[in-house]
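S.K.: Compute the structure for the input listed below.
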Amino acid sequence: MESNTAKAAYLNHRKRQKSQPNSKTSRTVRGPARALPFGVRLSFLGLFLAPFVAGSLRFRHSIPEILRRILSPRDWVRRKAISEHRPSLECASRLFRVSPILFLSLVLFSFNATLFKAEAAAHFQTIKTFGFPDLLGSQPQAPLTEGSDGALYGTTYGAANKYAGTVFRINKDGTGYRALHIFSLAGGDGRRPYGPVIEAKDGALYGTTAFGGATGRGAIFKINKDGSGYVILHSLQGSPDEGAGCFAGLLEGSDGLLYGTTSSDGSYGDGAVFSLNKDGSNFQTLHHFEGWPADGSAPHGARVACSS
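M.R.: Next up is the predicted model:
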């Protein structure tokens, strides 16, 4: 059974994800691109009415009232209104002189935006749809990794084998999709990978799972790009010495070690930073997050290597 701490970490992650708009990248093509004549007309009208809006704010007269006073049949009312609103009328007159140029500029801007939308729509292509009927993975949560062989490698969180997840390979044109490994709910295997895989300098793929392993608190695994050589390098032990629940991938450092984070457990229950060799040996917890206010907690993002 999955540990309670790992489940709590997953629920907290989903709650945080729902509270942030556009937390997952999703592209939708909404038919052919269209021009924006309404936007052009609205912008042109706004430019024309801007001086009168300024005049109405200055003299506390509504725009219809200003126009009514200027167009009044009574000479003294008309002269007074023209005198009061002379700056607004002069500004409107100048706008009328340059209005063809402004209107043409707005039309050209709209036309260029339409061309850009059409070009983006022409280059967007769905190369793989997960789920039915093959059930070889669904709900991919992590970005893809381009391998040294030019193929794309990734993970899916659910579907295959009772939602245990997969590691997969696919060509850039959408052909050659293959599940390299289908995680199991039994036998101490990892399950439900949430982060991406990385290709290390030795040519193998390395990744993490949010749950599973010998303790149910997540695991770190290795697999070759042809699907062979799958092995669990380390099963996370949880508190107090190790963290639990890997929701992010790994990073290969310049020293050849693998580095990663957990989102829960550790000495303070707020996750940890760890390192290990690529053969699974020498696992070390480098830092235990203490949480607010002294420290961060529950890391989920990717790590960045910096040269000193």
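S.K.: all helices for this protein, in order.
M.R.: 4-19, 37-59, 63-70, 75-84, 86-123, 160-163 (DSSP state H).
S.K.: where does the stretch 201-308 of the chain have low pLDDT?
M.R.: Low-confidence regions of the stretch 201-308 of the chain, defined by pLDDT under 70, span residues 302-308.
S.K.: How is the chain partitioned into domains?
M.R.: Domain assignment for the chain by automatic domain parsing gives 37-123, 127-288.
S.K.: What separation do you get for the closest residue to Pro143 other than its chain neighbours and Gly218?
M.R.: Among residues not flanking Pro143 along the chain, Pro196 sits closest, at 5.4 Å (C-beta to C-beta, 6 or more residues apart in numbering). The way it works is simple: take the backbone N, C-alpha and C, and place the C-beta from them, glycine included. Distance from Pro196 to Gly218, counting by C-beta to C-beta, to the nearest Å: 15 Å.
S.K.: got it, and Thr129?
M.R.: In terms of C-beta to C-beta, Thr129 sits 28 Å off from Gly218.
S.K.: These two: who's more crowded?
M.R.: The neighbour comparison of Thr129 against Gly218 (other C-beta atoms under 10 Å) goes to Gly218, with 37 against 8.
S.K.: Now do the contacts for that one.
M.R.: Applying C-beta atoms under 8 Å, 6 or more residues apart in numbering, we find Gly218 in contact with 6, 190, 208-212, 235-236, 244-246, 262.
S.K.: what about 7 Å?
M.R.: Applying C-beta atoms under 7 Å, 6 or more residues apart in numbering to Gly218 gives the contacts 6, 190, 208-212, 236, 244-246, 262.
S.K.: Run a quick neighbour tally on the residue lying closest to Gln237 once chain neighbours are set aside.
M.R.: Of all residues not flanking Gln237 in the chain, Thr215 sits nearest, at 5.9 Å (C-beta to C-beta, 6+ apart). Thr215: 18 surrounding residues under other C-beta under 10 Å.
S.K.: do you know how far Thr215 is from Ser254?
M.R.: Taken as C-beta to C-beta, the span from Thr215 to Ser254 is 31 Å.
S.K.: Tell me where the stretch 201-308 of the chain has strands.
M.R.: Counting by DSSP state E, counting those that start in this stretch, the segments of the stretch 201-308 of the chain that form strands are 205-209, 211-212, 219-223, 231-235, 243-244, 251-252, 258-262, 264-265, 272-276, 284-288.
S.K.: among those strands, which is the most enclosed?
M.R.: strand 243-244 (a mean of 32; mean count of other C-beta atoms under 10 Å).
S.K.: From Tyr194, how far off is Ala151?
M.R.: The gap separating Ala151 from Tyr194 is 21 Å, by C-beta to C-beta.
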